[in-house]
Every structure is written in structure tokens, then in C-alpha cells.
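Fold the following for me, if possible:
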Amino acid sequence: MKKVLFLLFLIGTTFTVSISASVNIPLNDGWLFNRGFQASSGMTKVNLPHTWNAEDGMFGNTDYYRGLCNYTRKLQLPIQYQGKRIFLKVGAAQTVADVFVDHHFVTQHKGGYTAFVAELTDLIKPGKESTLEIRVNNAPTMDIAPICGDFNIFGGLYRGVELIVTDDVCIAPDYYASSGVFFTQTEVTEKKAALKIETLLSSKETSLDGCEVEFQLYDRGKQLRRLVCNEISEGNKVVMTTTIDNPHLWNGVKDPFLYQAVVILRKNGREIDRRQEAIGFRYYHADADKGFFLNGKPYRLNGVNMHQDRAEIATALRQYNHDEDLDIVQEMGCNAIRLSHYPQSKYLHQQMDRRGLVAWAEIPFVNVYVTNPNYDENLRQQLKELILQNYNHPCILFWGLFNEINSGWLDRPSKMAKDLHDLAHQLDPSRPTMGASNQDDDFNGTPDLIAFNKYFGWYDDKMGEIGNWADNEHRKHPERKMGISEYGAGACVFQQTDSLIHPDPLGQWHPENWQTYYHIRNWTELQKRPYLWCNFIWCMFDFASAGRREGTIPGRNDKGLVTYDRRTKKDAYYFYKANWNKDDQFVYIAGKRNTLRSCKTTIILAFSNSGPASLYINGKSYGQAFPDNVNVLQWKNVTLDTGVNTIEVKNKHSKDTCTWVLSDTID
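Residues are numbered from 1 along each chain as shown. Below you'll find the predicted structure:
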């Protein structure tokens, strides 16, 4: 859309501007907030994005506030908007949102992770002040997904709000809060790419006579295609098709090339609306024996799971927070992210498009299923919103239908999984479906791709068994295209020990060295098996889960490779960086935070993606070690000096140092 610059003051401001096409008006500043239904004199001023659980939901308070809150602000549009259509777009509201204008009910939206749009044309009068209220409720309910989950449900308007002002005829902004434009690519190869462009038009009072839609495709500023169509089919849809010869393919992190697509709506020759989006042409498939292929070449998806919260601000993330997270992910060498366990922000998907990171996007169908028709309908609604709002992102290669839907908890989910699979293919026949399972059940064969959540060596003592389990599963179901959707272990960077003892996964002692050991053993097995089309570590960052009492911080799932505040990368992070990042040459000493040593004779581990390295302790050489098949270097039977030990590991590319202190009371 064409955006017009103007000043929008906090409350009750009148502004003057002339528009000839649609505009987006941010409404993120100047809100008044309070708990409860009714606005009161004691309301707090807040700006969006905002969550009311940034404090009480952080540190293990299982009674963090889950209830109704009220957001309100004054709104006055200029008289020049007379005759225009006015839409309200909410980026996300956790969990139920009711919208009111001047105390008149407008709409209700159920679902805390997707956007919604409501038309306010008949309620907002340009030149006259109105009161906009959004009442948001994150109370638990049995008819909205997720019913439960190992993550907090942070309430609030945490992705921002805006107005969309259009002519009476426009590209529909209210079709499941999508862009109203859908690019479907078929028959993609290195030689050609077929593209279908569908544009949905909307009219409130006038006809669509005299309307035409123009499509333009640009390659780095050079126009490649220009199509014009004035044929409007049933459902107010305009459909055009074209073929691109020798397309420059979107090739993941190696070459995330994007074309720019522009769709322009004109009426009687005058532009009245437009959309501009990025397109990346690619083709891909998973093979039951050979794994994943992108653009005809093997491309195993090595990635992480990632929730959307972080320390101090919870889910009220700004764009720079997403940028920082993706920087950390890419430094480790990931080429994919599972956006667990719900739809995440539009901006995040846009950045993954540009960076070449494959996205596993999924709905919050987590853990339990109940045969409640309202719950069924909510799952379908959230799947429609996920797909239609994110349809054009090249980073999304599949749609996730479920995570650990356990038949032993409530009702059997098999039929619902099949219904969602069919709905996804109806909405988007160009992408496969997928699911994440933690059990052997019939619905594992429903999605096109299946992956498993397995924690051998953490929740049990079967360290190293993930390989044998995967082989057995592959033999039992040779037709299934299977991967690993979760594996991981907890680690607290403030808990260190020389000994390697399996900690209680539900206890409060989670020394970091077990997580490191866990990932070395598991990745050693996983990397040997080419039939696994993906493996996603649980998880990239520690995250809030109010019911947990693990490590030193209550209310925290500490399986992240990076701490909740993003300040500390754990040893296991550098282990994967050594295996997945081939460009940033480095060596890293494991256990460097274990500064107070208790064993005089020890094994020193380091990770290197740049060949062998030499060890020095207090300047004395302990020889050279070579990386094994997972880039681990070992020096065995190393004797530490009593007192201070300056450890240095270096090769011709880089070095790493740390200081350990051995007590003189050690035998």
C-alpha cells in the first residue's frame, strides 16, 4: 500500500491530509490501559506492543494474571477521509479480543497469535472524535487453541494496531486479515516458473465496473512482467497467470533471492490501491530415504525451535528484537527455524524470507483435543488465518498441523488431524503439511511429512539411543518422510561441575556440562542418518513456562542454547556452530564457566570448525588435537596446576582462553 506521512498525536488529534489511494495509520501510541472490563480514572498510559504479564509471568508465578483487560484511546480522523472506508487491523491480541467504537460492539476475535481486521466505516465519522476500545482476555478456555502448553499465555495487544483507510473499492484487507493478494507458484525449475496471481476485491457501496488490476514483477529494479486484467470472476476475484523463464531461485541461506511483485488496483484509470510483496521461486521435496531437497539438491534442514518471548518484555517484541534473535540463529549456522508452537509475527517471516531461513509455521494445536464443535471451528479458523496471512512468504515450505496431540489425555485427535490436513491442501495445494509427534499413533501418517519430539538421555537414561530408535521407526514405516522436530536438555549457566552425572530433568540442578554432553551424543547419531529430512533442537532460547521449577530461575524452561536475556551462549551453542557454520572460523573451549575446578586430572574439550588446535596451560604445551566427526577436540588426562590455570586453545585461524582455579585442598 502507498503510505502517506503525517503526524498522529497521542489522543484526540485532528490532522489534515489528502489521499488518493489507501493508507496505513499506526495506532501504537497513546493508549490507556487497566485491568477489568470498565475504563477507569486510574488507567495507565501504554504504547504498543504491550503485554500485562511482562512482570508477573516471568518468574514462576503460576497465578500470573489471566483475565480481562481494557485498552482505550481517542481517535479523530480528518474530514478529508469523508467517504473513505476505515478498517482496524490488530496484529495479535492474546487470547480473545472484543472491539468497541463509542461503546458499540464491532467484532470479537478468538485466537492469540494471528491478526484480524474489522471494518469501522459506519462507526467512525471523519472530523468527529470517537473512542476506540479493545477488551482483551487471556483467561483459560476449552474452546480456543491452545488449551494448554509448556509455555506462558502472555495477555495483551503485543503486535501493534493500525487503521487502514481505502476507497470504497479496494483490495480486500479483511479476508482473514490477509493482504488480499495470493501468489501461487507451480512447475518451478531452473528453466521456468509458472505463477498465478489472485487478487480479491472489495466494494461496500459502488460497483466494480471500470476496475482493472495490474501486476508488475521486478528483478532488482528491472521490470520483467506487466499484466493487466479487468475480468472479475465470481467472488470478486481477478486471476492472472504468467511464466518466468530461467528464474533466479530462492536458494535458502546460500542465495535468498527475492523478486518484487506489485499489484495495483485502478478504477476508471485512477490508482486506488496497491500491494507490494517479495516473491521467491523455489521447488523442494522430502524423500523417505534420502531426506530433504531444495531446488533439486540435498538440503538437510538443521535448525532450532523458537518461542516468541524474552526477558523483561515477554511477547511485546520490537523489530530489533527479532533481528537480534535471527542474527544469533544464523551465527550458529542454522538454515531453518521451527516457529513453535503458534503463528509468529509478520515481520519475522519477512526477515526469514530475506535471510533464506526456512520456516516451519504451525497452529497452536498442542497436547490435547476435545470434541467440542467450537474448538474444532477455532482450529480451522486459526489454520485459515495462518495460511492466508502468510501465503506469499517463500521461507514457509510447509504448514504445521499439530504438536504432541496426546490421545491418552482427552479425546482422540485423529479425525481432526485429517480434517486440518485436507483444509490446508484446499487452501494451499502448493505446500505439504507436517506434524510433530511424541508417540506412536495412527495420525502420524496423516500429514505429508512427520517429525518426532524425542529426548533420549534427558527424560530417561537412554543416551545415544535416538539413532537406534530412528532406524526402527524408519523400518516400520518406510513410506513416511520423517525427521526430528525436538531434542534437547536443560542447562543453567550458573550451575557448573567437573563430574558428568545425569541430573533430574525436573529438578533444580541442571549443570551445563550435561547439556553439552547430551548434544554431542545426539548429534553424533543424527548426522549419520540421511533419511532424516530435518532436525530441530529444542530450543534456541530459554523461555517462560510458569509451572517449571528447574535450574536457578523458577518458571523457566532452560533447554535453550542461549539464555532468556540473549546475553549468554551456552557451550552447546558453540558445538553446533562448529558443525553448522562453515564460514566463521573459530575454536571454543567447553566448560569455561566452570572456573572453580575440583579434579586435578581432567579432560579438556574444545570445538573447532577450522581444523586441529593446540592446547597450552600456563604457557606449557599439551600438544595438538584433531576434530572428530562432529568437530570435537579432546585432550585426555590433563593435569591442572594447583591454583590458577590459564587455558589457551589456538590454531592458525583463531584462539580461545579461559581461567580455571584448582583448590589446593584437592587430593
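
In space, what's closest to residue 42 - neighbours in sequence excluded?
For residue 42, ignoring the flanking residues on the chain, the nearest one in space by CB to CB, 6 or more residues apart in numbering is residue 34 at 6.5 Å. The C-beta positions use only the backbone N, C-alpha and C, and glycine is treated the same way.

mind checking how far the one you found is from residue 44?
Counting by CB to CB, to the nearest Å, the separation of residue 34 from residue 44 is 7 Å.

do the same with residue 570
As judged by CB to CB, residue 570 and residue 44 stand 37 Å apart.

Report how many residues lie close to residue 154.
Neighbouring residues of residue 154 were enumerated by other CB atoms under 10 Å; the total is 25.

And for the one 5 residues further on?
Other residues near residue 159 come to 25 when the count uses other CB under 10 Å.

now swap in residue 190 and tell me
Residue 190 has 13 nearby residues by other CB under 10 Å.

Next, it: secondary structure please.
At residue 190 the chain is in coil, as set by DSSP: H, G, I helix; E, B strand; the rest coil.

wait, isn't it in contact with residue 248?
No. Using CB atoms under 8 Å, residue 190 and residue 248 do not qualify as a contacting pair, with a distance of 9.7 Å.

if we can go back for a sec, ok, residue 34 and residue 44, which is more surrounded?
Under the neighbour definition other CB under 10 Å, residue 34 and residue 44 were set side by side, and residue 34 has more, 18 against 11.

Restrict the helix or strand harbouring the more buried one to CA atoms and write it as PDB.
If you go by DSSP states H and E, residue 34 is part of strand 31-35. Taking only C-alpha atoms (Å, rounded to 0.1, in the frame of the first residue of the first chain), the coordinates of strand 31-35 have been written out as PDB:
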ATOM      1  CA  TRP A  31      -3.400   4.000  24.800                       C
ATOM      2  CA  LEU A  32      -4.900   3.900  28.300                       C
ATOM      3  CA  PHE A  33      -4.800   0.500  30.000                       C
ATOM      4  CA  ASN A  34      -6.400  -1.100  33.000                       C
ATOM      5  CA  ARG A  35      -7.300  -4.500  34.200                       C
END
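
Count the neighbours of residue 260 for me.
For residue 260, the number of neighbouring residues by other CB under 10 Å comes to 16.

cool, residue 251 as well?
Under the neighbour criterion other CB under 10 Å, residue 251 is assigned a count of 17.

can you tell me how far it sits from residue 245?
Going from residue 251 to residue 245 by CB to CB gives 18 Å.

Next: residue 187.
When CB to CB is applied, the distance between residue 187 and residue 245 equals 12 Å.

Please identify which of these two sits among more neighbours.
Taking residue 187 and residue 245 together and counting by other CB under 10 Å, residue 187 has the greater number of neighbours (11 against 8).

For the biggest helix by length in the chain, name the packing helices and strands.
Of all the elements of type helix in the chain, the one with the most residues (DSSP state H) is helix 373-389. Packing partners of helix 373-389 (3 or more CB pairs under 8 Å, 6 or more residues apart in numbering; DSSP states H and E): strand 396-403, helix 414-427.

what about 7 Å?
Using 3 or more CB pairs under 7 Å, 6 or more residues apart in numbering; DSSP states H and E as the contact criterion, the elements in contact with helix 373-389 are helix 414-427.

Show me what the very next helix or strand once past the helix it packs on pairs with in its sheet, parallel or antiparallel.
Using DSSP H and E, the next helix or strand after helix 414-427 towards the C-terminus is strand 433-437. Using DSSP bridges, the strands paired with strand 433-437 are strand 396-403 (parallel), strand 449-453 (parallel).

how near is residue 431 to residue 351?
According to CB to CB, residue 431 and residue 351 sit 20 Å apart.

One more: residue 507?
Taking CB to CB as the measure, residue 507 and residue 351 are separated by 37 Å.

So which of the two has more stuff around it?
When neighbours are counted by other CB under 10 Å, residue 507 and residue 351 differ, and residue 351 comes out ahead with 17 against 11.

tell me the contacts of the closest residue to residue 592 other than its chain neighbours?
Spatial nearest neighbour of residue 592, excluding adjacent residues (CB to CB, 6+ apart): residue 658 at 3.7 Å. Residue 658 makes contact with 589, 592, 647, according to CB atoms under 7 Å, 6 or more residues apart in numbering.

before we move on, the earlier item: could you give the angle of the longest helix of the chain to helix 414-427?
Counting by axes from the mean of the first three to the mean of the last three CA atoms, to 10 degrees, helix 373-389 points 30 degrees away from the direction of helix 414-427.

okay, helix 373-389 in PDB with CA atoms only?
The C-alpha trace of helix 373-389 is given here as PDB (Å, rounded to 0.1, in the frame of the first residue of the first chain):
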ATOM      1  CA  PRO A 373     -17.500 -28.100  17.900                       C
ATOM      2  CA  ASN A 374     -16.400 -24.700  18.900                       C
ATOM      3  CA  TYR A 375     -12.900 -25.900  19.400                       C
ATOM      4  CA  ASP A 376     -12.900 -27.700  16.000                       C
ATOM      5  CA  GLU A 377     -14.000 -24.400  14.400                       C
ATOM      6  CA  ASN A 378     -11.300 -22.400  16.200                       C
ATOM      7  CA  LEU A 379      -8.600 -24.800  15.000                       C
ATOM      8  CA  ARG A 380      -9.900 -24.400  11.400                       C
ATOM      9  CA  GLN A 381     -10.100 -20.600  11.800                       C
ATOM     10  CA  GLN A 382      -6.500 -20.400  13.100                       C
ATOM     11  CA  LEU A 383      -5.300 -22.600  10.300                       C
ATOM     12  CA  LYS A 384      -7.000 -20.500   7.700                       C
ATOM     13  CA  GLU A 385      -5.500 -17.300   9.200                       C
ATOM     14  CA  LEU A 386      -2.000 -18.800   9.400                       C
ATOM     15  CA  ILE A 387      -2.100 -19.900   5.800                       C
ATOM     16  CA  LEU A 388      -3.900 -16.900   4.200                       C
ATOM     17  CA  GLN A 389      -1.900 -14.300   6.200                       C
END
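
Mind listing what's buried along it?
375-376, 378-379, 381-389 (16 or more other CB atoms under 10 Å).

So which of those is the closest to residue 182?
Distances from residue 182 to these, taken as CB to CB, are shortest for residue 388 (7.8 Å).

What average pLDDT does the longest helix of the chain get?
Mean per-residue pLDDT for helix 373-389: 98.

Check stretch 439-453 too.
Looking at stretch 439-453 alone, the average pLDDT works out to 96.

Next, the distance between the ends of that stretch.
Using CA to CA, to the nearest Å, the end-to-end distance of stretch 439-453 comes out at 8 Å.

All further residue positions should be reported with the first residue as 836.
Okay, residue one is now 836; in that scheme the one you just asked about reads as stretch 1274-1288.

list the buried ones in that stretch?
Burial within stretch 1274-1288, assessed by neighbour count using 16+ other CB under 10 Å, is assigned to 1276, 1278, 1279, 1281, 1282, 1283, 1284, 1285, 1286, 1287, 1288.

what's the answer for stretch 876-892, then?
Of the residues in stretch 876-892, those buried under the neighbour-count criterion (16+ other CB under 10 Å) are 881, 883, 884, 885, 886, 887, 888, 889, 892.
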